Structure formats: C-alpha cells, structure tokens
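Provided below are the primary sequence and the corresponding predicted coordinates.
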Protein chains: 2
Amino acid sequence: MQDHLLSELGQQLRVDSVRAAAAAGSGHPTSSMSAADLMAVLLANHLRYDFEQPGHPGNDHLVFSKGHASPLLYSLFKAAGAISDEELLTFRKLGSRLEGHPTPRLPWVDVATGSLGQGLPVGVGLALARKRLEKLDRADSRVWVLCGDSELAEGSVWEAAEHACYEHLDNLIAIIDVNRLGQRGPTRHEWDLGAYARRFHAFGWHTIEIEGHDPTAIDRAYGEAASTIGRPTAIIARTVKGRGVASVENREGLHGKPLPDAEEAIAELGGPREMAVPVLGPPEVSVAQRSREGSLSLPRFEPGEDVATRDAFGQALAALGSARGDVVVLDGEVGDSTRAELFAKEHPERYFECFIAEQQLVAAAVGIQARGWTPYASTFAAFLTRAYDFVRMAAVSRADLNLVGSHAGVAIGEDGPSQMGLEDLAAFRAVHGSTVLYPCDANQTAHLTAAMAEGSGIRYLRTTRGKTPVLYPASESFPIGGSKLVRATDEDRVTIVAAGVTVHEAIAAADRLAEEGIPARVIDLYSVKPVDARTLREAAELTGGLVTVEDHHPEGGLGDAVLEAFGDGSPASRTIRLAVRDMPVSATPAQQLTAAGIDAEAIAAAARQLAGPAR
Amino acid sequence: MQDHLLSELGQQLRVDSVRAAAAAGSGHPTSSMSAADLMAVLLANHLRYDFEQPGHPGNDHLVFSKGHASPLLYSLFKAAGAISDEELLTFRKLGSRLEGHPTPRLPWVDVATGSLGQGLPVGVGLALARKRLEKLDRADSRVWVLCGDSELAEGSVWEAAEHACYEHLDNLIAIIDVNRLGQRGPTRHEWDLGAYARRFHAFGWHTIEIEGHDPTAIDRAYGEAASTIGRPTAIIARTVKGRGVASVENREGLHGKPLPDAEEAIAELGGPREMAVPVLGPPEVSVAQRSREGSLSLPRFEPGEDVATRDAFGQALAALGSARGDVVVLDGEVGDSTRAELFAKEHPERYFECFIAEQQLVAAAVGIQARGWTPYASTFAAFLTRAYDFVRMAAVSRADLNLVGSHAGVAIGEDGPSQMGLEDLAAFRAVHGSTVLYPCDANQTAHLTAAMAEGSGIRYLRTTRGKTPVLYPASESFPIGGSKLVRATDEDRVTIVAAGVTVHEAIAAADRLAEEGIPARVIDLYSVKPVDARTLREAAELTGGLVTVEDHHPEGGLGDAVLEAFGDGSPASRTIRLAVRDMPVSATPAQQLTAAGIDAEAIAAAARQLAGPAR
C-alpha cells in the first residue's frame, strides 16, 4: 500500500478508536492514536494473516503487549474485515467479545494482555514454539509485539529480551510505541529513543530508531527487521500520544479516557473512512508434527520403598515425553533439583532452559501452549510466587498449562524459609479454573503428572524434596477431584485430612490413636482443588470431627479447601486445623514438622481433643 | 590491609565457609569460595561498620543478594569479631541464628535474602533512604550488594538498575561475583564480563571489570566506585567457583553441597587461621530527623455521602504524612488512580515514583522500612501479584510494610479481568504475620489507613474504584481484628458476612429480607485477617447460618477467613459462600456484581435458603 493510503488508514484507525471509546464511555483512545500509523503499515504491508483461518499454520502473530490500546486492535480487525463496524461499537459492553483488554475470546488473539510487561515475554514463547518446536524459518511466520514505552520499566521485559537473544529469535519483532507519557505523567526516558536502543542493543538485539508517524520509515524498518538474521529486532518509534487531535496531543491527564469531544475529534481526523485492507495471506508451511498417541509407560515403585515425589515426577515426565510428542518442559535453572532434567536427558529438543527468570519461565510456557503444545514449567514452589501475576493472566488467557513446584513446605529442612513454599497452595487455589495437586507418594505422583496433561486451565503439582515411603501400588488410580481413604472403619471417631508429607504423619498418628482405642479415619486429599466434597462430608457425618494438617501456612491451603466442601449450606463439622503458624528457621526436616505442630504427635493430640476419651 | 594479608584473609574466609558447611552437612561452600577475596578486601579496607552498634547511623550496609553464600557472610562476621568460632559451627542447626540463608535475626543483616534477584532491588531502597530521606552524602554511608551472576537473569535486577540510575544513587555499589556456574550448569554468559558490563552501562551505571581474586584490583575497584559521583557502580569480577580447592574448582554438579573431603580441602587452603579484622569505624553523621508525634487530622466524611474508598485512602495518607514525618509513599505509576498522588502534592520529598515496576516498588519499600521509615506502597490490587515473591520475602525479613491495592474486584467494571484483583485477599492472607483490611466506606478507610501504620508485619489495605455511600460517622473506631454489626437484632435468623463493596449489597439484601419477615444480621468484616472470631461465632450460634459474600474468587478470601474462626474445634455453622466463580468479562460495575452472583438479590436468595420460610 502506498504512503498516502497508509496515512489514510492510520487516520481511519484513529477515528475508529475514538468512536469505540466514545460508544463505550471508557477506554484508551489516546494510547491507540500514538500507535495507529505503526499498526496501519503493519496490517497493510507486512502482517501475513488469514483472518478467516486463525489456525492457519503460516499465520503471523500479533500481540498487543500494551493491551489497553484495545480500541486500536479492534479497529485493525475491522479494517481487515474480521469484525463489523457494528461489533466495533459494542466495545466494553456486556456480552461483547471486545473486552476492555484483549482476550482469546477473539480467535485472532493468542493471549490476554492488560497487565503490562507480559506481551513480550509471551511473544518469546510463541517465537520459541515456532522456531524451535515447529522448525519454521523466520520468514515462515513472525511474531510482532506492540509494546508501550512505560512497560519497559517492568523487569519481565528484560527477562524476555535476554531469553530472545539467547535463543536467536529472529522471528520476533518488538515495536516500541514511545509516546513519552505514562498514565500519570512522563516516563523516565520520555523521547530519549537512544536510552531504549542502548538497552535492547546491550541485550543483543538489533535496534532501529524511527519517527513513528512516517509510513516510509515504518515500512523500511519492518523490512529491515524481517531480513535480520540470528537475533530479534526492536523498532523504537517516536510517537505522539493522542496524535491527530490537537486538544489531546501530547497532553498529560488524558490517559484511559474517551476524548472530551469525540465528534469534533473525528472531524479533525478527517471523518470516518471505510478502507478495507487486503491483508497478505500466510505462506503454506509445514510445521513439525507432534504425536499424542504413543503408549505411556509410567515408572513403577514398590510399596514400602522410599522415593522423593520430585524424583517420581521427573521420571514420569520423561516417560510422558516419550508417549506424547506435544509435551514440552521448561526449567528455571533448577532442573537438577526439580528433576525436570530427567526429561531433558531423553528429549533435549523439547526442553528449554529459562535460567533464573521465573516470570519468563511461565510466560514462555503460556506462549508455547498457545501453539497447542503441552508445557510443564517447574521450579521451587517458593519461586513460582515470582510469576504469580503471569499465572493470574494465564488464566485470563484461558491457557492450558502445567506448573510444578518442588521443595514445598518446612519439610525441606535446613535451607530455611526463603526456600520453603508455604503460600503456594493459597496462591494457586485462588487462580480461576485451576487444579491443585499434592501427592504423597511416588506412584501417585507419577499418575498425577500424567493426568494433569489431560486437564484444562492452570494445573499445579506440588512435590516434596525428601524421600517418603511408597504407599500405593503402581496399579492404583488417582482421579483428579478424588481422594484416598488410607485408614477407614465404620467405627472411626475422628477424621484426619492430610496431603503430601503430612499423610505419613497422619498414618503414624492413626496408628497411635488405634492403640489408644480411638479409631481414626485418614483421608489423603491429594486433589486439593477440585476437592472431593462427598468423601469429606461422609467422613464428617460419620466421625463428627475433622483434623486438617498441612505443610503450608494456615490460610488458603488444605484446611480452607476442606471447609470449602461445606460451603453450600451442608451441615458443617467441628474442625481443628494444623498448619505452619510460625516463621520457620533452619532445622532438620523432622525438627521442622515438630516445631510447626504438624507431626504425628500434634495430629494425635488434636484428634484426641475432637474424639473425646477412648471408649 | 596489605595484599598478602588480604589473600590470607580470603583463605580464612574459605576455610571457615568449608568448616561451617561441613559441620552443618549442607550449605553452599563453593559459592562462598568464589567471592571470598571480594569480601576480604571489602571487610578489611572499605566497609565502615561498628559491629557493636549495628544501629549506628554512619554504618555502611552489606547485602548478600546471593544469600546462599551465607557461610561466607558468617565467616566475615567471625573475622570481624561479631560472632565466635563456636557459633559459626552452629550453622543451619535448630536454635542457631545462622540460618541457611541470612535473615535479620542477626543484627547486622538488614533484610532476608535467598530468593535470588532481590538483594539489589532492596539495596536500592536502602540507598534511597540514605540519600533522599536521611540526606546523607555518598561518602557518609554506602550500600554494598554482593550479587551472583546467575541472578542477573531475574528481571527484578534490571528494575533495580533502572531505579538506581534514575535516582543517581552513587552510594550504591553492586559487586557481581561472576563464577560462571549456576546451580545446574553454566550461566548464559559464563565468563563474558563484557556482556554484564554492557547491560549495566546501558542502564546508566558506572562499570568496572576486574579479576576477582586479585586483591590489588579489587581494592582499586572499590576505591573507584566510592569516588564515582552521580551514578551507581557495578564491579564485575571474574571469579572461580570453589576457588582454592582443586577438586571442586570450576566444576559442575557441586552447587549447594559441602565439600567431599573437608579436612583435605582445609589443608589445601593452608589450614585454619585466626585473623581478626579491625573493621573501619563509621563516620559520625547526622541524619535528617523524622517526627512521629504530630497530631493527626484525618479527613471526615458525612454519612450518606458517596465517596470512593481509594479517595479516602489518598486523603488520609496525606493527612498521616503531615502528622508523621516517618511516613513515606511509593507509587507504581498509578498514583492518580490509587490517589497516592494526594500525598505527593503535600509531601513531595517523601514520595517516590517507581514507575511500572511492582517488584521494585515493594523492594524499595522493604529497604526503606529497614531504615526505620514507615512506607506505603500502592498500585492496583491486581498488579501487586507481580511482587508476590517480594512480599513473601518481606515477611521473612520481618519487615513492617504497608501495601495498598486499589481497583479491587469485579466492581471496577468495564476494564475486564486483567485489571481486577480477585486473588489478592488469598495471596496476602497466606503471608506470615500479615494483616488484611478491606474497608467499605470512606471514614473506615481513613481510620484503617492510619491504624495500619501502627501495626507490625505486612499490612494490606484493599480499596475500591467506584463510589460507595458513607455508612459510619467519622467518630467511629475500627480496631484491627474487629468487625461491625451493621444490622443486628436478637431475632436474627441468618447472618450475612461481607466486606468492601459487598457490605452495601448485604444491607440491601437485609432490607429485602426484613420486608419478607426474615431478620438478617449483617457483619462488616473489614478486618479479614486477623478475623473477629468471637463476633462470627456468636452470630453463628444465634442465627444458625452464615452467608459469606465477597468480590474475590471463592478460594482464600473472606469465605475462608470466616471459616477459620471455627478452626479450633468450635461448633461449626452451616454456611453458603458467594464469590466470583466465573471468569468476568467487560460490563458495568452493577452488571458485574449481578453476573458474579454477589449482589443483593443473590445474597437474599442464599439467606432465604439458610433461614427457611418466614415465620
């Protein structure tokens, strides 16, 4: 498309952004107007995308990391003929798929954005999937990411920059819309394009600085980026927020607001246009195949054997990788500890080292799953908290994602509280649509490791550092949402609900209680979410009291999950909760369980209190 | 100290690190050995610190961002005469204050480390407090941060780099121990010192590359750093992991393990030494005074008036800043939305703009509180999840910290789920020793904003975007751990427990129920943690059933907090929980409450179910 038409298209995108925000009564038109020319040139001359076939393997990807510029994105979709003008004006209204910030409810949106600094990290995941997993050349399919300048303050952007350079992602192009203004005022670097260029260049990127409202310069920059080999490109474009409407151009205090006078603004922009852009079609490419049909041969452990659940996880993951060609593993530089390295040894081509950058670890996994792969990302449970905003946003992205946190709880022993995951169950339970699993033995871990690949949403598996005895035969099944009755008779007078390491303490407690004439039921609640409400209610009804015991802080974990089963008005049960209430210090694993009051002795004492004296 | 003595001291630190790890049977001696010469020269020639007066205002700060090198830190303390050799050998044992990773249980440790990439961000906070709040010159007190090379992959390090340069923190010196090896293998850049230097330089730092086992070079670098004006310095030192013991030098697979043969290693290092280092004393400085004694004049709101709780927060914060000179406010580039900017207008010298970098926002606050100031850090509730690992570690640091999350819940309306805090109550409740507050009206917000400054630990306040009617007179008091009975009679047949926006829905529901002949109690549970267990139990006993209703996902929030009150074996109550169970989309605030099933109608329906037919 020729320059004067590109300028016209830019104006159309501005007008439509203004109209959409005016119809909604909210939104971010000025942030859309700054990037309108950048996106006009991309849509007309460089993006290769079949909007009628969003699943076409040769399609490029367009990620709006500055998700608040959604009016611009939707205006692009309209210009491409993907949505009607009528739909454009449903922006932000109940029932519309044109939400305030983009989500994959729209078939042309890979991932949700709106929490700044996440689009580029996820774009790295998409580019990695395209290049390393699907074996596409940079010319086959590109990942274009529109970033704001404000969001470059997020460290996650620099984790992404490092990762992209390390993996030589020349199919990744970041377009930085340097409009100088954040939400509340100027950015740190305002229009100092060199400040951004120096940073990206130091991180190994090719950089191009341009005037972001000059179609010729933009077009040339995209061409240069597309022909750059061996490294990603950042195009750093000087733009003006609110460009095209004098009353809002480059002015503070107008972020996230419709234009004061939309009609006047539209007139100043030359009125509505109805340009339809013939978007370039995707190339016919053949992507590397992946099979999900292999036969799974999980590791088998003998009851009584001592095996760490993290070891069982690593072995099961390697076996799963042999059965399923779509399984991909990402490590946060602790693969020797999480045992993810057992997968790496057998399937190095599907193993990605993300180094100590947990946000990027999760973001890369989100990008990879958006391409239909089945990623497992693992690090210490404690350090997954570093990526909590990415997990939260992954749920908004409707991502199918497996996350595994090792070294959970005080049971790790001497390393101390900085390395103990004691908030992870709470954090993952609170994520929409999540699954939270916490196995206590090796066979259970192996089964759950495989089962989580079949689920949907965010699936979290919590593993333990030290060895625990194998309780269950390898043939046992462990459905998600289920539980196991480890000890049960019709005479049980109290129920102990445990998971992971505390199952073994609960069994020891039940043995002591039995000797005292207090039969106690033990439930292994390996599926913390969804929770087996029926088994819990039956046990409560029969025994009259529950002791919950967890290697986690008292809030948001197992104890809360158990009570959730009674949150529909069901008759409730008397309950005593045991959990880690003090700040732990360094000590041996056994000392830790005792100090936290979650060992067999503490469980037995609580159970006695609920059950009353032996009969 | 002369070079040959410095080398001897380096060997002593290695020997003591090896001995401590051997005595513990765990720990990270090889990571300590790489940095031993760097720390020997610092302790002997540059650090100014009175170990008998850790509170001396002229003391330097030494932060071990690579907290796993704790054996080295404790060996330094021994060389300085702060701890005995006997205590050194209690490393990692129950009862010892020499934990696996350093914590402020030791008076010479400002903040806990062990989650990598946090020491430098917190160091920025310390340097900021020294320079901007205490008005010290760079020569008065310096902040030295020892970083590993692996942890430079964390984006938080680059948030810190950006912040430090922006604030011209020439009192901050980062010492990068480039020992080439991470936990599971080589780092991305191995011994490419230039890769790190280019990155720091691009972020505006002065950089010095040295051989990290050459005392002369180290000494010169510290001198150069100390005399650099206007910007921070990064000293990038090439070192060898396990340096000094041939069998472990520069070898993979030995991270985090005691040396295979400690006795032989100690012999190879020349045996134990007993050098006592006369550490330079701190200068006598006078730090800017701060008063906590002013009289507080909180804003007052008229019952019935419509005021957003975020507005009340901003006004109360500004008033608190006038009464207390120790109150400091940090913003994540949303001060116009959170209303923290109201503080900025009155107290600009105690207001820090951290831009869109939530990890650095919280880290800076942690550093600032370590100097005895009272920071409030605020952004959207949704985006505080970005800093969750920093909040978790702040608790390990025993930090006293106020965090405020605005725009909570679906009640924000059109912006959609990426901007809604729906996991924040769960996340903050699970933090050890935390306080979680969620006010429903302006006067309550003002009181709680002031009250949280008096507390300890991590205090979290959740505010709402839209306006809500003022319920309480300005004279009312709202103790932390309390609640308010908004509606109560002796005939109540059901109890509704709400907080924040849902209090207003609960009142509307109670009005409808009253008309139907079902008297309903309404509890405003503004203190979600600690929770007012007595009031909840009394209500349950009297009315027989509880409806909990919250603008939050069902897990870990208000509903779980209420049930916690019955977690000690108390007779439980039948409960129905209302919460945000589906993924929200864009819609008006009122539509959101209805869609989520947390509006007055949904509450009334649940209450009817529990109460049974009207009498």
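Thanks, I have the structure now.

which residues in the stretch 101-250 of chain A form helices?
With helices called from DSSP state H, counting those that start in this stretch, the stretch 101-250 of chain A shows them at A:119-128, A:155-166, A:193-202, A:215-226.

just say which of these is most tucked in.
Neighbour counts (mean count of other CB atoms under 10 Å in any protein chain shown) averaged over each of these peak at helix A:119-128, with a mean of 31. C-beta here means a position set from N, CA and C on the backbone, and glycine is covered the same way.

pull the distance from that one to the chain's centre.
Distance, stretch centre to chain centre, for helix A:119-128: 12 Å (CA atoms, centre = their mean, to the nearest Å).

same thing with stretch A:379-399?
5 Å.

do the same with stretch A:576-583
Chain-centre distance of stretch A:576-583: 29 Å, with CA atoms, centre = their mean.

what's the span of that stretch, first residue to last?
Using CA to CA, to the nearest Å, the end-to-end distance of stretch A:576-583 comes out at 20 Å.

tell me which residues of it come out buried.
By neighbour count on 16 or more other CB atoms under 10 Å in any protein chain shown, the buried set for stretch A:576-583 is A:Ile576, A:Arg577, A:Leu578, A:Ala579, A:Val580, A:Met583.

quick check: chain neighbours aside, which residue is closest to A:Thr575?
Excluding the flanking residues, the one nearest A:Thr575 by CB to CB, 6 or more residues apart in numbering or on different chains is A:Leu546, at 4.6 Å.

and whichever residue of the stretch 301-450 of chain A sits closest to chain B, what pLDDT?
As assessed by CB to the nearest CB, chain B sits closest to A:Ser418 within the stretch 301-450 of chain A, at 2.8 Å. pLDDT recorded at A:Ser418 is 97.

please apply the same query to the one 3 residues further on.
Residue-level confidence at A:Gly421 comes out at 97, pLDDT.

okay, the helices of the stretch 101-250 of chain A in a markdown table with mean pLDDT next?
Converted to a markdown table, the helices of the stretch 101-250 of chain A look like this (pLDDT from 0 to 100):
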| stretch | mean pLDDT |
| --- | --- |
| helix A:119-128 | 98 |
| helix A:155-166 | 98 |
| helix A:193-202 | 98 |
| helix A:215-226 | 98 |
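
poorly predicted segments of chain A, please.
Counting by pLDDT under 70, chain A shows low-confidence ranges at A:615.

now A:Glu284: phi and psi?
phi -80, psi 110 (degrees, to the nearest 10).

so who does the spatially closest residue to it that is not a sequence neighbour touch?
Counting by CB to CB, 6+ apart, A:Gly58 is the residue found nearest to A:Glu284 once chain neighbours are left out, at 6.2 Å. With contact taken as CB atoms under 8 Å, 6 or more residues apart in numbering or on different chains, A:Gly58 is in contact with A:Arg48, A:Asp140, A:Ser141, A:Pro282, A:Pro283, A:Glu284, A:Val285.

try 6 Å
By CB atoms under 6 Å, 6 or more residues apart in numbering or on different chains, the contact set of A:Gly58 is A:Ser141, A:Pro282, A:Pro283, A:Val285.

just A:Leu422 next, same as before
By CB under 6 Å, 6+ apart, the residues touching A:Leu422 are A:His552, A:His553, A:Val580.

just give the closest residue to it, not the sequence neighbours.
Sequence neighbours aside, A:His553 is the residue nearest to A:Leu422 in space, at 4.9 Å (criterion: CB to CB, 6+ apart).

check which element follows the helix or strand harbouring A:Ala595 along the chain.
Counting by DSSP states H and E, the element that carries A:Ala595 is helix A:589-596. Next in sequence after helix A:589-596, counting helices and strands by DSSP H and E, comes helix A:600-611.

pull the CA atoms of that following helix into CSV?
What follows is helix A:600-611, C-alpha atoms only, in CSV (Å, rounded to 0.1, in the frame of the first residue of the first chain):
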residue,chain,number,x,y,z
ALA,A,600,2.2,-37.3,64.2
GLU,A,601,2.2,-36.3,67.9
ALA,A,602,0.4,-33.0,67.2
ILE,A,603,-2.1,-34.7,64.9
ALA,A,604,-2.8,-37.3,67.6
ALA,A,605,-3.3,-34.6,70.2
ALA,A,606,-5.8,-32.7,68.0
ALA,A,607,-7.6,-35.9,67.2
ARG,A,608,-8.0,-36.8,70.9
GLN,A,609,-9.4,-33.4,71.6
LEU,A,610,-12.2,-33.9,68.9
ALA,A,611,-12.8,-37.6,69.6
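
identify the residues contacting stretch A:160-178?
Outside stretch A:160-178, the residues within contact range by CB under 6 Å, 6+ apart are A:34-35, A:38, A:120-121, A:124, A:127-128, A:130-131, A:138, A:142-149, A:203-204, A:225, A:228-236, A:238-239, A:360, B:188.

picking that back up, can I get the buried residues of stretch A:576-583 in JSON lines including distance to A:Glu209 and secondary structure?
Shown next, in JSON lines, are the buried residues of stretch A:576-583 (distance: CB to CB, whole Å; DSSP: H, G, I helix; E, B strand; the rest coil):
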{"residue": "A:Ile576", "distance to A:Glu209": "64", "secondary structure": "strand"}
{"residue": "A:Arg577", "distance to A:Glu209": "59", "secondary structure": "strand"}
{"residue": "A:Leu578", "distance to A:Glu209": "60", "secondary structure": "strand"}
{"residue": "A:Ala579", "distance to A:Glu209": "55", "secondary structure": "coil"}
{"residue": "A:Val580", "distance to A:Glu209": "53", "secondary structure": "coil"}
{"residue": "A:Met583", "distance to A:Glu209": "50", "secondary structure": "coil"}
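
what about chain B: which of those residues touch it?
For chain B, the contacts drawn from the buried residues of stretch A:576-583 by CB under 6 Å from any CB of the partner chain are A:Ile576, A:Arg577, A:Met583.

in CSV: those residues, plus distance to A:Ala312.
Shown next, in CSV, are these (distance: CB to CB, whole Å):
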residue, distance to A:Ala312
A:Ile576, 31
A:Arg577, 28
A:Met583, 30
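
whichever residue of the stretch 151-300 of chain A sits closest to chain B: what's it in contact with?
Relative to chain B, the nearest point of the stretch 151-300 of chain A is A:Gly155 (2.4 Å; CB to the nearest CB). Going by CB under 6 Å, 6+ apart, A:Gly155 touches B:Gly155, B:Ser156, B:Trp158, B:Glu159.

one step back: select only the buried ones of the contacts of stretch A:160-178 in PyMOL?
To isolate the buried subset of the contacts of stretch A:160-178 in PyMOL, counting by 16+ other CB under 10 Å, use the following:
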select buried, (chain A and resi 34+35+38+120+121+124+127+128+130+131+138+142+143+144+145+146+147+148+149+203+204+225+228+231+232+233+234+235+236+238+239+360) or (chain B and resi 188)
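
so which of the contacts of stretch A:160-178 are in strands?
Counting by DSSP state E, the part of the contacts of stretch A:160-178 found in strands is A:Val143, A:Trp144, A:Val145, A:Leu146, A:Cys147, A:Gly148, A:Thr233, A:Ala234, A:Ile235, A:Ile236, A:Arg238.

and which of the residues you listed is nearest B:Arg398?
A:Gly148 (36.9 Å; CB to CB).

find the nearest non-adjacent residue to that closest one, please.
The shortest distance from A:Gly148 to any non-neighbouring residue, by CB to CB, 6+ apart, is to A:Lys66 (3.7 Å).

can you list the residues of the stretch 451-600 of chain A near chain B?
Residues of the stretch 451-600 of chain A lying near chain B by CB under 6 Å from any CB: A:553, A:555-556, A:560, A:563, A:567, A:569, A:572-577, A:583, A:585-587, A:591.

okay, and which of the residues you listed map to strands?
Judged by DSSP E, these include A:Arg574, A:Thr575, A:Ile576, A:Arg577 as members of strands.
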